[in-house]
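# Below are the sequence and a predicted model; questions follow.
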Amino acid sequence: MSSFPGLAHVAITVTDLEKSVEWYSKLFDSRPVLDEDEESGTFHHSVFALANGMLFGLHSHHGSTAEGPFDERRAGLDHIAFGCSQEELVQWRDRLDELKIEHSGIKHAGYGSGISFRDVDNIALEFFAPPA
């Protein structure tokens, strides 16, 4: 084995699949490439194709009683970061403003810069650029 493989996809569970598909469609400026019940029949997924072959899935689990907004302080996912350049970070800030999505503005640190924002289920998302 050479090196540990990169991520192939990310899948998140949402409370209202239709609402989340519309929100992410606007953010990604695309529609899902897959929208179906999973083979086992226990969940439905809508999957978006992002750059470099990365897939981003939205899951709705049949019979789930999970309620309440996402909270990164609980064990599990903290946030999802989408990589970009410093120049693209400014463009993403402007795009979030255009979509009327609340965000942190561009924050700078020694390890890079980012913009934090949340989806309709309060899931923490970020655009991240390494230092120039």
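Perfect, thanks for sending it. Numbers count the residues shown, from 1 in each chain.

# and residue 33, how many residues sit next to it?
10 (other Cβ atoms under 10 Å). C-beta: built from backbone N, CA, C; applies to glycine.

# before we move on, what about the one 5 residues further on?
For residue 38, the count of nearby residues is 13 (other Cβ under 10 Å).

# Nearest spatial neighbour of it, chain-adjacent residues omitted?
Leaving aside its chain neighbours, residue 38 sits nearest to residue 45 (5.8 Å; criterion: Cβ to Cβ, 6 or more residues apart in numbering).

# And what about that neighbour, helix, strand or coil?
Per DSSP: H, G, I helix; E, B strand; the rest coil, the local secondary structure of residue 45 is strand.

# Write down the beta-bridge partners of it, one by one.
Beta-bridge partners of residue 45, counted by DSSP bridges, are residue 36, residue 59.

# And for residue 107?
residue 114.

# show me the contacts for it.
Neighbour list for residue 107: 113-116 [criterion: Cβ atoms under 8 Å, 6 or more residues apart in numbering].

# Likewise for residue 71?
Residue 71 is in contact with residue 122, counting by Cβ under 8 Å, 6+ apart.

# Report pLDDT for it.
On pLDDT, residue 71 comes in at 83.

# Now do it against residue 51, distance only.
Distance, residue 71 to residue 51, by Cβ to Cβ, to the nearest Å: 29 Å.
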